[in-house]
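Peer 1: My questions are about this predicted structure, shown below with the sequence.
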Amino acid sequence: MRVLVFGVDGLAFRIIKPMMQAGYLPHFQALAQEGVEACLESNYPPLTPPAWMSLVTGLKPAQHGVYDFWEYNEQGTGRLMTQRKGGKAIWKLLSEYGKRVIVVNVPLTYPPEPINGIMVSGIQGSSERGNCTYPTSFREELFAHVPRYRIDVDVTSVVHGSYTPAQAAVQLIEQRIALMRYLLSEKVWDFAFITFCAADYLQHLCWEDIIALQPDLMRYYQLLDEALGFARSTLGSDGSLFVVSDHGFQGAATKFAINEYLLRQRWMHPFEQGQYYRSLTHAWGKHLLDRVGLLEQGRKLKLRAVHKRGQSLTKVQPYLTRQHLQTAGMGVASWSSSSGGFADISITRSLSAQLMADLRGSLLALRDPLTGQQLIASVYGTEVFGQGPFQPSDQHLLLLPSEGYTFTPAIGQPWLWNRERHVFGTHQKDGVLYACGPTIKRGQQIAPTAIYDLVPTILRIMHLPQPDELDGQVIDDLFIDAVKNEEDHSSSTLVAQKLKQLTLRA
Ligand SMILES: [Zn+2]
């Protein structure tokens, strides 16, 4: 049985339900009536890189090694772009079973890995100007069929004013759909994973207009809906379809300065703040240059200048470095927390269990002085990241905020609560799951499930054994006949065990 995963970065029910009611998304509407709907929870944290990696591997971060967009370099003094370090993605597992797979635009799939099929890599490190396909030879075929194909939104044109964000997103999705149509129609495949990423970008920038169903922005979601319709019709009634998002979204208007709070309450020791501010200014400059596409040019000029002077490059340190954190004892290192809608506090191993409990208690007691609303909806400890070779070496408290709030790691400002004039979009844990297929229930809502449950569920549908290391579980409630599937499952496990015993004996 063929399986198609239709991934949409940052899709949330609070966004698509009003659009469905207004008639913008007929194919989503049909899917809700003919398949299963569930909240796909993404808690650890609800951020694009770790969430997609959990979705595609069935593993928690301690096994796949991705926690953020970035990670410390070996010296702990700077940052590097993150890559997956452990685990196998579903397309690799399926390739090993001889299934023919197609993978398009899943974040953090650069460089593209060898599979039994075709991969076009997605955002984070990948560029359509570089080696973005497996096999390498497919690149030529890609541009022959979709000459204006892009991997990410054309932010440079948005900054220069030649496109609105909505136009840039529409241009991106039109090319992606063209590639999807070509691959799904012209190639032989058993499994396809196609991902659309501009929803996340639009929802950060244009939250209020999206919620107001502003027509320019609706165009993007309508194209997404058309793509879904095409995917369903190509798959046919004997295939299984999953629509998934890596995390949800919410509107927020208030940021809480978590590091400033920790400093003022003396949980965090002061460190040399001048260095932090200098690194922050560098980081912003770098971020802006990157967004307008000038970073690469700047880097070349700088390299040339450095080469002339015979000096070494100074490292840009946009976040709290490991040295900062060691001095401070704890803190939120990452600016991803602000748009990601979470705060991941790193805490020295030496902090006692009692003090950890006190800290947790004082964080849970935080209330907005204007509204009395509790700031933090849930707190998780280090164990939330799972167990594996990439477990964090320090202790962690992962905070998820209540509706309407997010965090900022900024320090040194007079305020703890920063209230913006406009509501902006931030990530939230409740992503989207729709599933339909011959063995799947029709027109039902089921209990929330987790992002790492997708992989074991796909393996079940394709009658393949479950690897022992998976953190996720089969979403049994999805199936019409859970008991029958259970039998299928145990028989496939039995076959797998027998195969394993045979291999061991051999
Ligand atoms: Zn995302």
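Peer 2: Sure thing, it's come through.
Peer 1: ok, which residues in the stretch 101-250 of the chain are in contact with the ion?
Peer 2: Along the stretch 101-250 of the chain, the residues adjacent to the ion under the rule CB under 5 Å from the ion are 200, 246. For every residue, glycine as well, the C-beta is placed using N, CA and C.
Peer 1: And the helices in the stretch 101-250 of the chain?
Peer 2: Along the stretch 101-250 of the chain, the stretches classed as helices by DSSP state H, counting those that start in this stretch are 138-145, 155-159, 165-186, 198-205, 207-211, 215-235.
Peer 1: Val432 bridge partners, please.
Peer 2: Under the criterion DSSP bridges, Val432 forms beta bridges with Cys39.
Peer 1: so what pLDDT did it get?
Peer 2: Predicted confidence (pLDDT) for Val432: 98.
Peer 1: Give me the distance from the longest strand along the chain to the chain's centre.
Peer 2: Taking DSSP state E as the criterion, the chain has its longest strand at strand 417-428. On the basis of CA atoms, centre = their mean, to the nearest Å, strand 417-428 sits 20 Å off its chain's mean C-alpha point.
Peer 1: Show me what counts as buried in it.
Peer 2: For strand 417-428, the neighbour count (16 or more other CB atoms under 10 Å) marks 424-428 as buried.
Peer 1: all helices of the stretch 301-450 of the chain, in order?
Peer 2: Listed in chain order, the helices of the stretch 301-450 of the chain (DSSP H, counting those that start in this stretch) span 322-328, 336-340, 353-364.
Peer 1: now, which of the buried residues of strand 417-428 lie close to the ion?
Peer 2: Here nothing survives when the buried residues of strand 417-428 are matched to the ion using CB under 5 Å from the ion.
Peer 1: Counting neighbours, what do you get for Arg129?
Peer 2: 7 (other CB atoms under 10 Å).
Peer 1: got the contact list for it?
Peer 2: Counting by CB atoms under 8 Å, 6 or more residues apart in numbering, Arg129 makes contact with nothing.
Peer 1: While we're on it, how confident is the model there?
Peer 2: Looking at Arg129, its pLDDT reads 82.
Peer 1: Next up, the contacts around Leu142.
Peer 2: 120, 133, 149, 179.
Peer 1: Now list the buried members of those residues.
Peer 2: Buried members of the contacts of Leu142, counted by 16+ other CB under 10 Å: 120, 133, 149, 179.
Peer 1: And the pLDDT at the residue nearest to the third one when sequence neighbours are not counted?
Peer 2: Spelled out, that is Tyr149. Spatial nearest neighbour of Tyr149, excluding adjacent residues (CB to CB, 6 or more residues apart in numbering): Gln175 at 4.7 Å. Gln175 is assigned 96 on the pLDDT scale.
Peer 1: Could you shift the numbering so residue one becomes 2, and keep it that way?
Peer 2: OK, 2 is where the count begins now, so the last one is Gln176.
Peer 1: so how far is Val171 from the nearest residue to Ser158 once chain neighbours are set aside?
Peer 2: Distances taken as CB to CB, 6+ apart put Tyr164 closest to Ser158, at 4.3 Å, once the chain neighbours are dropped. Going from Tyr164 to Val171 by CB to CB, to the nearest Å gives 9 Å.
Peer 1: Closest residue of this protein to the ion?
Peer 2: Residue nearest to the ion within the chain (CB to the ion): Thr49, separated by 3.2 Å.
Peer 1: residues contacting that residue?
Peer 2: Contact partners of Thr49, counting by CB under 8 Å, 6+ apart, are 10-11, 70, 108, 125, 201, 247-248.
Peer 1: Out of the buried residues of strand 418-429, flag the one nearest to Leu26.
Peer 2: Set against Leu26, the nearest of the buried residues of strand 418-429 by CB to CB is Gly426 (18.6 Å).
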